[in-house]
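**Student:** requesting a structural model of the entry that follows:
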Amino acid sequence: MRSARPAALLLALVLTPSVRADVVINEIMYHAPDDLDDLQYIELFNTGDKPVDLSRWRIKGAKHEFPAGTAIEAGGYLVVCKSLKDFKRVYGFDAAGEFRGALSHSGEQVDLLDATGKKIDGLKYKTRAPWPLAPDGESSALERICPTSPGDVPENWAPSPLASGTPKPMGTPGKKNAVYAAALPPVISNVTATPPRATPAQDIKVTAEVRAAAAVKTVELRYRVVRSGLESGDVILPMAGDGNTYTATIPAQKAGEIVRLRVRAIDAQDGDRTYPHPNEVRPSLSVYVHDKFEPGPIPLGYLVSVGRTEVRNAQIDPGPSNGRPPVPTPPARGNSAFVFVDPKTAEPELFDFVSVVPRSGGRKIRFHKDHTLRGMTTVALMYEYADRFPLAEFLAYEVYRKAGVPCPRADFVRTWIDGRPIGFQLLLEQPNKAFLRHNNYDAGGTLYKAQWTGGTLVQRHEKKTHTHTGHEDLIELMNQLLRAKGADQWAVIKKNFDTEEMVNLYATRMILSDWDGFFNNYYLYHDAARTGKWAMFPWDQDKTWGYHDGINGYGVFADLPITFGMEGDRPPRGSEIWWRPGGDLSRPLLANATFRKHFLARTKDLLETVYTAEAFGPVIKALGERLEDEVKYRAEVRHEDPKRAVEHFRKNLDSLRTHLVKRREFLLKQDEIKRAGKYDPKDLK
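**Tutor:** Numbers count the residues shown, from 1 in each chain. Model (predicted):
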């Protein structure tokens, strides 16, 4: 665990007088939560004792020019924003102007220029350390600490306080910053804890570099010890100094505990700084104390609920909404921790201050953007009411991947929750911006989640990004699809979709007997800015591999018709329990003659290459070998019969193998599949 900053830059910052103008850039909201870009703003502050005429001054980066007659009072604030209407709605007063540009979410140069084009002030903010992290979409604004000290260095900026609950735009536009200091406080850098992961026999040595324009008066180490359900009060240790380097030692702690530590420095002028900043998403550096791990074939996961209050106050996410309103975004900073142990390294990785939302199907864990779990920022630890479901879901995504369909990553993890062994669970990636990025989509696009609630198209598609805007793009897409027929409709499909991806998706759904997925269980994505095209990602794949709600025991339904999900599909005589109406997109796409031709050819191709006993049987076998000992272990911690649990597990795997064989046999006998031509993705272009 280390925080680094070149010493030469810090020395220059705290010891070199600056040449400055009276008007400075004082506060920036560049990334409001939920991508509410209309709430971006920039605040100027006049540090002088006289008004300043801003006529024809410009803010480069936001594309704003102040009109003639604009002035900022002595000691006054002036705010310009992206949207005057939205700014007033949130902050309650009128901003001085509306800029034409937009501030980057990933960092950019922002300069204040006078009427002659001379640079008066400026900074190049970034979204990674040593710049503050909380202003990057987590509700904080980026606030200047000392307005009379240089503004082009991260040490003079800090996050405003985070929202206490569901993230909402914060900051202090138009008034003194929450982090204001008359002089730049001491700069703390290069904080290290050794060892970064400690055993119960090891003390933890903490080292920090501290520099200040005035003499350093006090440096102290503050730490808390965390275990399930409990966080101790601060323990304060003085840090001994030798020049600019200070050290203190935390005594050895117990296995399973987390040490949260901060360094505080006070100078001779009572300038006071704590590192990490209390308003950050992680307000402490953290060290996990552990014994030696001996993981088996799957990772280990330890969930630590630090405060019982957090658990009690967590709003339960009921999973699919069924007409209920969507669950709010969890707070930017949680007070839980998750420890992940990769079986390849046997080394624990600590994720501290994560948000954990209990839900009916398990727990949803939200990580921080700069510290992800294998590139994932949100995962679900799944509880399934049927033991077959996590096996089916995991293997379904394996089939999608082999078919070239972007889909969530999944793995099995042996878990402990607050010290209580749970056994293996499915850990599943949540489709979100991180998912889009690592699948090479524009994270700025619009993501919808299908919710089968009946009602309207809008009610059936919950917006997961850009939630402040409407569903106009989806409505227009459906209007185009439903107005056109035949070749004209195929032209609409080609214009709006990556046809190869959509053919792969629906062909895979068909071979998996995705009974619950043609009208539901998907994410829909629109890349409006870059390609204009739509994509679909599978989700909630537990009821695949020949399952429907009327199946009992280890039965397998392999006869899902090849017409399932398409326009004109009707329930068979007797209204079989497995029949379901087609989905908003599956109906027109699967009924279009050209799309259907390619869909049938790809289905046949997958049945001959991917979905065969020879090709996929070994995947099922490998999963069985990987999980069988985990099945025994889980039965033991549940006080169940391990032998019976293994028998049940093997029968579930056998039901998946049965579907692999019988589903393939059924589909290959269908006349449409027999007549299908050879699949070539080039024919889709």
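
**Student:** what sits against residue 75?
**Tutor:** 46-49 (Cβ atoms under 8 Å, 6 or more residues apart in numbering). In this view, the C-beta of every residue, glycine as well, is placed from N, C-alpha and C.

**Student:** and of these, the nearest to residue 651?
**Tutor:** residue 47 (75.1 Å; Cβ to Cβ).

**Student:** ok, longest helix in the chain?
**Tutor:** Scanning the chain for the helix with the most residues, using DSSP state H, yields helix 642-668.

**Student:** in it, what counts as buried?
**Tutor:** 645-646, 648-649, 652-653, 655-660, 662-664, 666-667 (16 or more other Cβ atoms under 10 Å).

**Student:** around residue 408, count how many other residues there are.
**Tutor:** Neighbour count for residue 408, taken as other Cβ atoms under 10 Å: 23.

**Student:** could you verify that it is part of a helix?
**Tutor:** No: assigned with DSSP: H, G, I helix; E, B strand; the rest coil, residue 408 falls outside any helix and is coil.

**Student:** would you check that residue 415 makes contact with residue 301?
**Tutor:** Yes: when contacts are counted by Cβ atoms under 8 Å, residue 415 is listed as touching residue 301 (4.6 Å).

**Student:** now do the helices for the stretch 501-650 of the chain: every range, in order, please.
**Tutor:** According to DSSP state H, counting those that start in this stretch, the stretch 501-650 of the chain carries its helices in the segments 586-591, 593-609, 613-637, 642-668.

**Student:** what mean pLDDT does the last one have?
**Tutor:** Averaging pLDDT along helix 642-668 gives 98.

**Student:** returning to that earlier point: joint contacts of residue 415 and residue 301?
**Tutor:** 381, 425.

**Student:** helix or strand next in line after the helix or strand that residue 358 is a member of, which one?
**Tutor:** Taking DSSP states H and E as the definition, residue 358 sits inside strand 348-359. Remark: after strand 348-359, the chain's next helix or strand is strand 362-366, criterion DSSP H and E.

**Student:** how about residues contacting the next helix or strand after that following strand?
**Tutor:** Scanning forward in sequence from strand 362-366 by DSSP H and E, the next helix or strand is strand 378-382. In this structure, residues lying in contact with strand 378-382 by Cβ under 8 Å, 6+ apart are 301, 303, 359, 361-367, 373, 390, 393, 413, 415, 425-430, 432, 434.

**Student:** kindly recompute the last result at 7 Å.
**Tutor:** Applying Cβ atoms under 7 Å, 6 or more residues apart in numbering, the external contacts of strand 378-382 come out as 361-366, 373, 390, 415, 425-430, 432.

**Student:** what's the answer for stretch 120-137, then?
**Tutor:** Applying Cβ under 7 Å, 6+ apart, the contact partners of stretch 120-137 are 3, 5, 21, 23-25, 28, 30-31, 33, 105-114, 140-142, 151-152, 154, 157-159, 162, 277, 279-281, 332, 369-370.

**Student:** list the buried residues of that stretch.
**Tutor:** Residues of stretch 120-137 classed as buried: 120-123, 125, 127, 130-137 (neighbour count, 16+ other Cβ under 10 Å).

**Student:** go on, stretch 40-51?
**Tutor:** Residues of stretch 40-51 classed as buried by neighbour count (16+ other Cβ under 10 Å): 40-47.

**Student:** same deal with stretch 94-109?
**Tutor:** So stretch 94-109, judged by 16+ other Cβ under 10 Å, has buried residues 95-99, 103, 105, 107-108.

**Student:** now the end-to-end length of that stretch.
**Tutor:** End-to-end span of stretch 94-109 (Cα to Cα, to the nearest Å): 26 Å.

**Student:** likewise for stretch 128-140?
**Tutor:** Stretch 128-140: ends 15 Å apart by Cα to Cα.

**Student:** can you show me the CA trace of stretch 254-265 as CSV?
**Tutor:** C-alpha atoms of stretch 254-265 as CSV (Å, rounded to 0.1, in the frame of the first residue of the first chain):
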residue,chain,number,x,y,z
LYS,A,254,-5.7,-10.5,14.9
ALA,A,255,-6.3,-12.5,11.7
GLY,A,256,-9.4,-11.4,9.8
GLU,A,257,-9.2,-7.8,11.0
ILE,A,258,-8.7,-4.7,8.8
VAL,A,259,-6.6,-1.8,9.9
ARG,A,260,-7.8,1.6,8.5
LEU,A,261,-5.1,4.2,8.9
ARG,A,262,-4.7,8.0,8.2
VAL,A,263,-1.8,10.4,8.6
ARG,A,264,-2.5,13.9,10.0
ALA,A,265,0.0,16.8,9.9
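
**Student:** for it, give the mean pLDDT please.
**Tutor:** What stretch 254-265 shows for mean pLDDT is 97.

**Student:** starting at the chain centroid, how far to that stretch?
**Tutor:** Offset of stretch 254-265 from its chain centre (Cα atoms, centre = their mean, to the nearest Å): 26 Å.

**Student:** what's the closest non-adjacent residue to residue 648?
**Tutor:** residue 387 (6.4 Å; Cβ to Cβ, 6 or more residues apart in numbering).

**Student:** let me know the closest of the buried residues of stretch 120-137 to residue 173.
**Tutor:** Distances from residue 173 to these, taken by Cβ to Cβ, are shortest for residue 135, at 13.2 Å.

**Student:** identify the residues contacting the residue lying closest to that closest one once chain neighbours are set aside.
**Tutor:** Nearest non-adjacent residue to residue 135, counting by Cβ to Cβ, 6+ apart: residue 142, 4.2 Å away. Residues in contact with residue 142 (Cβ under 7 Å, 6+ apart) are 27-28, 30, 125, 132, 135, 157, 159.

**Student:** show me what residue 142 bridges to in the sheet.
**Tutor:** Beta-bridge partners recorded for residue 142 (DSSP bridges): residue 28, residue 159.

**Student:** helices or strands up against the strand holding residue 358?
**Tutor:** strand 285-289, strand 336-341, strand 362-366 (3 or more Cβ pairs under 7 Å, 6 or more residues apart in numbering; DSSP states H and E).

**Student:** who's in contact with the first one?
**Tutor:** The set of residues external to strand 285-289 that reach it, using Cβ under 7 Å, 6+ apart, is 1, 191, 193, 196-200, 204, 253-261, 276, 339, 348, 350, 352.

**Student:** send me that strand as CSV with only the CA atoms.
**Tutor:** The C-alpha atoms that make up strand 285-289 are tabulated as CSV, following Å, rounded to 0.1, in the frame of the first residue of the first chain:
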residue,chain,number,x,y,z
LEU,A,285,-5.6,3.4,3.7
SER,A,286,-6.3,-0.2,4.6
VAL,A,287,-4.3,-3.2,5.6
TYR,A,288,-5.8,-6.7,5.9
VAL,A,289,-4.5,-9.1,8.5
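
**Student:** in its sheet, what does that strand sit against?
**Tutor:** Assessed with DSSP bridges, strand 285-289 is paired to strand 197-198 (parallel), strand 258-267 (antiparallel).

**Student:** just send the contacts of residue 75 back as a markdown table, with pLDDT too.
**Tutor:** Below are these laid out as a markdown table (pLDDT from 0 to 100):
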| residue | pLDDT |
| --- | --- |
| 46 | 98 |
| 47 | 97 |
| 48 | 96 |
| 49 | 95 |
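
**Student:** which of those fall in helices?
**Tutor:** Those of the contacts of residue 75 lying in helices (DSSP H): none at all.

**Student:** quick one, what contacts residue 226?
**Tutor:** Residue 226 neighbours (Cβ under 7 Å, 6+ apart): 257-258, 260, 306.

**Student:** repeat that for residue 216.
**Tutor:** By Cβ under 7 Å, 6+ apart, residue 216 lies in contact with 186, 210, 265, 267.
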